[in-house]
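# here you go, sequence then predicted model.
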Amino acid sequence: MPLVDFLKEVMRRSKRLPSQLALDLSVSHSTIRRWLTGEDIPSTRSCTRLAAYAGVPLEKVLAIVGHMPSIAEKTPPDWPEFREYAQQKYPGELDEDLITMIEDLIERRRRRRYESKSS
């Protein structure tokens, strides 16, 4: 199920539980549960919020959910997370604390961007 995998990846990357994701997206916890169990799919409005929150194009989320046909990705399908990238690019130069701080800053910027778009 592409939607379930996408939601789990969004929660993993943002270090959020389903109940926290529900609050972030302004939907109920039961709505997130139905999405994660495949009982329901997000509305187009929820897809818009989810795309902004995840930092992905709206078209991608709409395609994952099934509201529109899949489109070819313009970017590589699997971008490494910052931690993986930093360890590959700068082996031995960045310690774990510094990587964690940078990841937190990236996440804060994503949240600010999401909050400003949803206002």
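Received, thanks.

# for residue 85, see how far away the residue located most distally from the centre of the chain is.
Residue farthest from the centre of the chain, counting by C-alpha atoms, centre = their mean, is residue 92 at 28.7 Å. Distance of residue 92 to residue 85, given as C-beta to C-beta, to the nearest Å: 15 Å. In short, each C-beta sits where N, CA and C put it, glycine included.

# same check on residue 40?
From residue 40 to residue 85 the distance is 35 Å (C-beta to C-beta).

# out of those two, which sits in the busier spot?
In this view residue 40 and residue 85 are compared by other C-beta atoms under 10 Å, and residue 40 has more residues nearby, 15 against 12.

# check contacts around that one.
31, 34 (C-beta atoms under 8 Å, 6 or more residues apart in numbering).

# quick check on it: phi, psi?
phi -150, psi 160 (degrees, to the nearest 10).

# how about the one 10 residues further on?
According to degrees, to the nearest 10, the main-chain angles of residue 50 amount to phi -60, psi -40.

# swap in the one 5 residues further on?
Summarising the backbone geometry of residue 55 under the convention degrees, to the nearest 10, its torsions are phi 70, psi 30.
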